[in-house]
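# Here is a sequence with its predicted model. Questions after.
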Amino acid sequence: AQSVSQHNHHVILSEAASLELGCNYSYGGTVNLFWYVQYPGQHLQLLLKYFSGDPLVKGIKGFEAEFIKSKFSFNLRKPSVQWSDTAEYFCAVGENYGQNFVFGPGTRLSVLP
Amino acid sequence: GAVVSQHPSRVICKSGTSVKIECRSLDFQATTMFWYRQFPKQSLMLMATSNEGSKATYEQGVEKDKFLINHASLTLSTLTVTSAHPEDSSFYICSARRGTNSYEQYFGPGTRLTVT
């Protein structure tokens, strides 16, 4: 069965620090990759997604992610975080054009002002 | 576009009663809707996938007789928690996929269920 892992449970950064959140998945076939963010008290919002093409994907709010097929990874990056980026971040992977959609366990990001 | 709503946002019920949660796609037709459960400080766990006009497909370990799912129209799916118990208390989130060729899911705001 598909599994998704996220490297860090809780990340604490100061404002302006750079961010990289790791995501690895296990499925060897065609995948669709997503990063979602859940701000405190709010519902899930899509940050960015990868279906095909350029493996470097740019999303909203200055986030980007790179799909490295050989490493089964889709790490999320942001060069300079802000206090407002404090949230829970979930990596998600869909197999075979949307089937078997699986979420990673999430990484809580706390940005200190 | 692609807004998904859930009703109610919060519900408290007594043990043994049933609770219905609605999920609506407001500005698009959703051929497929998904129901997730999220425990505190944990990730979303897929409970079931519902396709309009057909029976839902439940994930392993999810009791289909306890969590009744109905997807009667292209904009509405309902989850009914039957004979609720305190261990059913959780955050229930639905999502909807637009069209059969869309890979992206749009999430609702979730429903907090508390069973006393």
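That came in fine, so what should we check first? Numbers count the residues shown, from 1 in each chain, chains lettered A, B, ... in the order given.

# Now do the most centrally placed residue in chain A against residue B:52, distance only.
Taking C-alpha atoms, centre = their mean, the centroid of chain A lies closest to residue A:35, which sits 3.6 Å from it. Computed as C-beta to C-beta, to the nearest Å, the residue A:35 to residue B:52 distance reads 28 Å. Backbone N, C-alpha and C define where each C-beta goes, glycine included.

# Ok, residue B:10 next?
In terms of C-beta to C-beta, residue B:10 sits 27 Å off from residue B:52.

# okay, those two: which has more neighbours?
With neighbours defined as other C-beta atoms under 10 Å in any protein chain shown, residue B:10 and residue B:52 compare such that residue B:52 has more, 16 against 10.

# list the helices and strands the helix or strand bottoming out on mean pLDDT in chain B packs on?
Here the helix or strand of chain B ranked lowest by mean pLDDT, DSSP states H and E is strand B:105-107, holding a mean of 86. If contacts are counted by 3 or more C-beta pairs under 8 Å, 6 or more residues apart in numbering or on different chains; DSSP states H and E, strand B:105-107 sits against strand B:90-98.

# 10 Å - rerun?
Judged by 3 or more C-beta pairs under 10 Å, 6 or more residues apart in numbering or on different chains; DSSP states H and E, the packing partners of strand B:105-107 are strand A:31-38, strand A:45-50, strand B:4-7, strand B:30-38, strand B:90-98.

# and the fourth one with chain A, contact?
Yes: taking C-beta under 10 Å from any C-beta of the partner chain as the criterion, strand B:30-38 and chain A are in contact, through B:32, B:34, B:36, B:38.

# in the sheet, who's paired with the residue nearest to the first one when sequence neighbours are not counted?
The one in question is residue B:32. Nearest residue to residue B:32, sequence neighbours excluded (C-beta to C-beta, 6 or more residues apart in numbering or on different chains): residue B:97, at 4.4 Å. Going by DSSP bridges, residue B:97 is paired in beta bridges with residue B:32, residue B:105.

# is it true that residue B:97 touches residue B:34?
Yes: look at residue B:97 against residue B:34 with C-beta atoms under 10 Å: they come within range, at 7.5 Å.

# Give me the common contacts of these two.
Residues touching both residue B:97 and residue B:34 by C-beta atoms under 10 Å, 6 or more residues apart in numbering or on different chains: A:101, B:49, B:105.

# Residue A:92: helix or strand, and which one exactly?
For residue A:92, the host element (DSSP states H and E) is strand A:87-95.

# Now do the contacts for residue A:83.
Residue A:83 neighbours (C-beta under 10 Å, 6+ apart): A:14-15, A:110-113.

# Which among those count as buried?
Neighbour-count burial (16 or more other C-beta atoms under 10 Å in any protein chain shown) is assigned, among the contacts of residue A:83, to residue A:111.

# Which of the contacts of residue A:83 sits closest to residue B:77?
residue A:110 (34.7 Å; C-beta to C-beta).

# Tell me how far that closest one lies from residue A:84.
12 Å.

# Show me which residues of chain A sit near chain B.
Counting by C-beta under 10 Å from any C-beta, chain A sits next to chain B at A:1, A:4, A:6, A:9-10, A:31-34, A:36, A:38, A:41-46, A:49, A:51, A:88, A:90-92, A:94, A:96-106, A:108.
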